[in-house]
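Asks: Dropping a prediction and its sequence here:
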Amino acid sequence: MVLGPLLAFYLLVDLPKIRRGATALVPLRRREEVLGLGRKVGDTLGGFFRGQLVVAAMVGAAATLGLWLAGVPYFAVLGALTGLLALVPLIGIVIAAVPVLFVALATEGRSGPLHVPGGWPLALAAVVVLVAAQSLDTRVLSPLFHAPTVRLHPVSVLLSLLVGGALLGFWGMILAVPTVAAGKVVALHLWDTRAQWPPRPTVVRDAGEAQHRSSASG
């Protein structure tokens, strides 16, 4: 917690120097290509993280409001936790449902503007709130903020989350999707610049074989 902000501060101060040093390491004939690829990767990563922060903040606010209306205790803390876990695409709100349902099931009496009784009725109301927050995330916010930059199939997102969570836990789940998105940008660039389609035609080296083929075709 102490060293992280200090490292970030010094990296931001020396960022132009670091950029010039990294650029100088690239051969001159490849420099423009590498810089262009770096800009594409930077746009993808920046768009993902900016969009994900906005999505998490809006989902957290919506969950807090819904839990308050339903009368779930500690709605502010649970809403903030839902917003934090919404940083994990697709499954973050599902993980947040565990503490929310636990609190709702352990609640007794009625509270909140809707006066939902505690226990199973409050848990069902909490499920409705979380489903609405998940729908807001997947159907409105994520396509709006992520589709122009990330462009990953949901299956690719889930597989990357599975691998990232297995390797690095929660942080791996947060970093899995932008890593895969950046790798996709690099892979597509290499395919577009290094691959050739259609393949080059085969050169016939034997003149006799060429004459035989021409006579056979005639």
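Replies: Nice, I can see it.
Asks: Work out which residue lies at the spatial centre of the chain.
Replies: Val177 (3.8 Å; C-alpha atoms, centre = their mean).
Asks: measure that one to Leu141 for me?
Replies: 15 Å (C-beta to C-beta, to the nearest Å). C-beta here means a position set from N, CA and C on the backbone, and glycine is covered the same way.
Asks: again, but for Arg50
Replies: For Arg50, the distance to Leu141 - C-beta to C-beta - is 12 Å.
Asks: So between these two, which is more surrounded?
Replies: Remark: of Arg50 and Leu141, Leu141 carries more neighbours, 22 against 13, as counted by other C-beta atoms under 10 Å.
Asks: any idea which helix or strand comes after the lengthiest helix in the chain?
Replies: Across the chain, the helix with the greatest residue count (assigned by DSSP state H) is helix 28-70. Next along the chain after helix 28-70, taking DSSP states H and E as the criterion, comes helix 75-85.
Asks: what packs against the helix or strand that that next one is followed by?
Replies: The helix or strand immediately downstream of helix 75-85 is helix 92-105, counting by DSSP H and E. In this structure, helix 92-105 packs against helix 28-70, helix 75-85, helix 120-135, with contacts taken as 3 or more C-beta pairs under 8 Å, 6 or more residues apart in numbering; DSSP states H and E.
Asks: Report the mean per-residue pLDDT for helix 92-105.
Replies: Averaging pLDDT along helix 92-105 gives 91.
Asks: and the angle for that helix with helix 120-135?
Replies: 160 degrees (axes from the mean of the first three to the mean of the last three C-alpha atoms, to 10 degrees).
Asks: circling back to that earlier point, which of the helices and strands packed on helix 92-105 sits closest to Leu12?
Replies: helix 28-70 (14.5 Å; C-beta to C-beta).
Asks: which intervals of this structure have sub-threshold pLDDT?
Replies: By pLDDT under 70, the low-scoring segments of the chain are 146-150, 196-218.
Asks: residues in contact with the residue nearest to the centre of the chain?
Replies: Residues in contact with Val177, defined by C-beta atoms under 8 Å, 6 or more residues apart in numbering, are 48, 89, 150, 152, 157, 160-161, 164.
Asks: As TSV, these with neighbour count, distance to Ala125 and secondary structure would be great.
Replies: Shown next, in TSV, are those (neighbours: other C-beta atoms under 10 Å; distance: C-beta to C-beta, whole Å; DSSP: H, G, I helix; E, B strand; the rest coil):
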residue	neighbour count	distance to Ala125	secondary structure
Phe48	21	33	helix
Pro89	25	26	coil
Val150	24	33	coil
Leu152	20	33	coil
Val157	20	29	helix
Ser160	22	33	helix
Leu161	21	28	helix
Gly164	21	33	helix
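Asks: Among the residues you listed, list the two that are farthest apart in space.
Replies: Applying C-beta to C-beta across the contacts of Val177, the maximum distance is between Val150 and Gly164, 14.7 Å.
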